[in-house]
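Enquirer: got a sequence here, can you build the structure:
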Amino acid sequence: MNIYIFYTLLSQFIWGLLPLFWLLLHQISPLYTLATRIIWSAALCFVLILQKNLLPELKHTLVDKAQWPYIMGACISITLNWGTFIYAITQGFILQTSLAYFMNPIVVILFGAFLFHEKLEWLQRISIILAAAGVLAAFFYMVNFHI
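Expert: This next block holds a predicted model:
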C-alpha cells in the first residue's frame, strides 16, 4: 500500500474517533480544553517551524504589518471553529457537529464557484452532488423527517 494512502486512511480514522475523545473530556471546561489545544498546537507548530528551518520566514511575516489582519483573522476563525466544535461535542451534539463538518467543504466549494467564478469539471460537480445528497440524507435521518 502506498504510504500516502495509508496516511490518508489513518487520518480519517483518527478524525472519526476524535469526537469520542472530546466526549471523554465533558467534565472539563470547553474553554480550558480550547486553551490547552491552542497552546499545544502553537508548541507543535513552532517545533515544525524550527525543524523545517522556517524561522526567518516566520520573523519576516511577524514584522510585516500588512500580514497582521490576515493572521488575526485566521487565529480568530480557527479559535471559533475549535471552540464551537469542542463545546458542541461536550454538550452531546455529536451528530449535529459531524453534519456541520460534512457541510463545510460543500459550502466552501460553492463559494468558490459562485463568488470567485471557479470552474468545476463534470467529475467535481458529480462529487459535490453526491456529497450534498449524503449530507441531506443524514440531515433528514437525524431530524426524523420522512420524505
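Enquirer: list of residues touching the host helix or strand of residue 59?
Expert: Element membership of residue 59 [criterion: DSSP states H and E] is helix 55-63. Contact partners of helix 55-63, identified using C-beta atoms under 8 Å, 6 or more residues apart in numbering, comprise 49, 67, 71. Using the backbone N, CA and C atoms, a C-beta is placed for each residue, glycine as well.
Enquirer: list the buried residues for whatever helix or strand residue 75 lives in?
Expert: Assigned by DSSP H and E, residue 75 belongs to helix 68-90. By 16 or more other C-beta atoms under 10 Å, the buried positions in helix 68-90 come out as 82-83, 85-90.
Enquirer: for the strand or helix carrying residue 105, what is the average pLDDT?
Expert: Assessed by DSSP H and E, residue 105 sits inside helix 94-115. Across helix 94-115, pLDDT averages out at 85.
Enquirer: helices or strands up against that helix?
Expert: helix 3-24, helix 68-90, helix 122-142 (3 or more C-beta pairs under 8 Å, 6 or more residues apart in numbering; DSSP states H and E).
Enquirer: can I get the ones you listed in TSV including distance to residue 104 and mean pLDDT?
Expert: Formatted as TSV, the helices and strands packed on helix 94-115 follow (distance: least, C-beta to C-beta, whole Å; pLDDT from 0 to 100):
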stretch	distance to residue 104	mean pLDDT
helix 3-24	13	85
helix 68-90	9	91
helix 122-142	10	89
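Enquirer: out of those helices, flag the one nearest residue 41.
Expert: In terms of C-beta to C-beta, the element of the helices and strands packed on helix 94-115 nearest to residue 41 is helix 68-90, at 8.8 Å.
Enquirer: let's see the closest one as PDB, backbone CA atoms only.
Expert: What follows is helix 68-90, C-alpha atoms only, in PDB (Å, rounded to 0.1, in the frame of the first residue of the first chain):
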ATOM      1  CA  TRP A  68      -1.300  41.000  10.700                       C
ATOM      2  CA  PRO A  69      -5.000  41.400   9.700                       C
ATOM      3  CA  TYR A  70      -4.800  38.100   7.900                       C
ATOM      4  CA  ILE A  71      -3.000  36.400  10.800                       C
ATOM      5  CA  MET A  72      -5.500  37.700  13.300                       C
ATOM      6  CA  GLY A  73      -8.400  36.700  11.000                       C
ATOM      7  CA  ALA A  74      -7.100  33.200  10.700                       C
ATOM      8  CA  CYS A  75      -6.500  33.000  14.500                       C
ATOM      9  CA  ILE A  76     -10.000  34.200  15.300                       C
ATOM     10  CA  SER A  77     -11.600  31.800  12.700                       C
ATOM     11  CA  ILE A  78      -9.800  28.700  13.900                       C
ATOM     12  CA  THR A  79     -10.400  29.600  17.600                       C
ATOM     13  CA  LEU A  80     -14.100  30.000  16.900                       C
ATOM     14  CA  ASN A  81     -14.100  26.800  14.900                       C
ATOM     15  CA  TRP A  82     -12.300  24.700  17.500                       C
ATOM     16  CA  GLY A  83     -14.300  26.300  20.400                       C
ATOM     17  CA  THR A  84     -17.700  25.700  18.700                       C
ATOM     18  CA  PHE A  85     -16.600  22.100  17.900                       C
ATOM     19  CA  ILE A  86     -15.400  21.300  21.400                       C
ATOM     20  CA  TYR A  87     -18.400  23.000  23.100                       C
ATOM     21  CA  ALA A  88     -20.900  21.200  20.800                       C
ATOM     22  CA  ILE A  89     -19.300  17.800  21.300                       C
ATOM     23  CA  THR A  90     -19.000  18.100  25.100                       C
END
